[in-house]
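# A structural model of the following input is requested.
(2 chains)
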Amino acid sequence: EDQVTQSPEALRLQEGESSSLNCSYTVSGLRGLFWYRQDPGKGPEFLFTLYSAGEEKEKERLKATLTKKESFLHITAPKPEDSATYLCAVRPGSGGSNYKLTFGKGTLLTVNP
Amino acid sequence: DAGVTQSPTHLIKTRGQQVTLRCSPKSGHDTVSWYQQALGQGPQFIFQYYEEEERQRGNFPDRFSGHQFPNYSSELNVNALLLGDSALYLCASSLSHAGLQPQHFGDGTRLSIL
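Numbers count the residues shown, from 1 in each chain, chains lettered A, B, ... in the order given. All right, here's what the predicted structure looks like:
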């Protein structure tokens, strides 16, 4: 069974204090790993798709990386508006008809001014 | 460009009742997935609809059923509601047969069971 574990569960940073969020996964062949951001009372907002080990994607202060067992979301010089829950999800590649995303529980990031 | 829209935003029901939630996909998308998100948890896959058929189902009982219409919109029906069905129900849309496309989510329906 596919599994996604995110750590830490919660993270408090000061504005400008860079850090990383971790997503460890077990999946039957990885078709894609997705990062989402979720604000309170809202649905997840898509950030990145990573397809293969060694791949990196960047968007503003966020950079996502992928290895064969885990993904990291690096946040450089965060601002208070980066406060949100960050969700990681995997889609397996084995089996031609497996379309579901398996999510982790998320990391709640709080950035204090 | 309208994103994924869901209705209603909030709903309160009592145990044993039935509920129908609605979803309109993002313009150009043909596939709709439904997820259940309990407080403090990540979304859990319920099922996915494509070409008006249920294409894949997660570990949810038959009380959960769905439908997709020719215009790609979708409904989620839950019968015989239980207290444990209280959650945020998320709809996500995507485009099939276009490579590995991300699923885009609506803001969900918050369902409370009394």
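
# ok, B:Tyr49 - contacts?
B:31-33, B:55, B:66-68, B:74 (Cβ atoms under 8 Å, 6 or more residues apart in numbering or on different chains). Any C-beta I mention is one placed from the backbone N, CA and C, and that applies to glycine too.

# can I get the residues you listed in TSV with distance to chain A, neighbour count and secondary structure?
Shown next, in TSV, are the contacts of B:Tyr49 (distance: Cβ to the nearest Cβ, whole Å; neighbours: other Cβ atoms under 10 Å in any protein chain shown; DSSP: H, G, I helix; E, B strand; the rest coil):
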residue	distance to chain A	neighbour count	secondary structure
B:Thr31	8	23	strand
B:Val32	11	30	strand
B:Ser33	7	28	strand
B:Arg55	6	17	strand
B:Gly66	14	21	strand
B:His67	18	14	strand
B:Gln68	14	22	strand
B:Ser74	14	25	strand
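
# let's have those in a markdown table, adding pLDDT and distance to B:Arg22.
Shown next, in a markdown table, are the contacts of B:Tyr49 (pLDDT from 0 to 100; distance: Cβ to Cβ, whole Å):
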| residue | pLDDT | distance to B:Arg22 |
| --- | --- | --- |
| B:Thr31 | 95 | 16 |
| B:Val32 | 97 | 11 |
| B:Ser33 | 97 | 15 |
| B:Arg55 | 93 | 19 |
| B:Gly66 | 98 | 11 |
| B:His67 | 97 | 10 |
| B:Gln68 | 98 | 11 |
| B:Ser74 | 98 | 8 |
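
# got a markdown table for those, with distance to B:Ala80 too?
Formatted as a markdown table, the contacts of B:Tyr49 follow (distance: Cβ to Cβ, whole Å):
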| residue | distance to B:Ala80 |
| --- | --- |
| B:Thr31 | 28 |
| B:Val32 | 23 |
| B:Ser33 | 23 |
| B:Arg55 | 25 |
| B:Gly66 | 16 |
| B:His67 | 18 |
| B:Gln68 | 23 |
| B:Ser74 | 21 |
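
# which of the residues you listed lies closest to A:Asn98?
The closest of the contacts of B:Tyr49 to A:Asn98 turns out to be B:Arg55 (Cβ to Cβ; 10.1 Å).

# which of the contacts of B:Tyr49 lies closest to A:Leu13?
Of those, the one sitting nearest to A:Leu13 (Cβ to Cβ) turns out to be B:Ser33, at 32.5 Å.

# may I have the beta-bridge partners of that closest one?
B:Gln48, B:Ala92 (DSSP bridges).

# so what's it up against?
By Cβ under 8 Å, 6+ apart, the neighbours of B:Ser33 are A:99-101, B:45-49, B:91-94, B:103.

# could you rerun that using 6 Å?
B:48, B:92, B:103 (Cβ atoms under 6 Å, 6 or more residues apart in numbering or on different chains).

# for PyMOL, what selects the buried ones among the residues you listed?
Those of those that count as buried under 16 or more other Cβ atoms under 10 Å in any protein chain shown are selected in PyMOL with:
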select buried, chain B and resi 48+92+103
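
# got a markdown table for the contacts of B:Ser33, with pLDDT and distance to B:Val19 too?
What follows is those, written out as a markdown table (pLDDT from 0 to 100; distance: Cβ to Cβ, whole Å):
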| residue | pLDDT | distance to B:Val19 |
| --- | --- | --- |
| B:Gln48 | 96 | 20 |
| B:Ala92 | 98 | 19 |
| B:Gln103 | 95 | 23 |
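
# packing partners for the helix-or-strand element of chain B with minimal mean pLDDT?
Across the helices and strands of chain B, mean pLDDT, DSSP states H and E gives its lowest value to strand B:53-57, namely a mean of 94. In terms of contacts (3 or more Cβ pairs under 6 Å, 6 or more residues apart in numbering or on different chains; DSSP states H and E), strand B:53-57 is packed against strand B:44-50.
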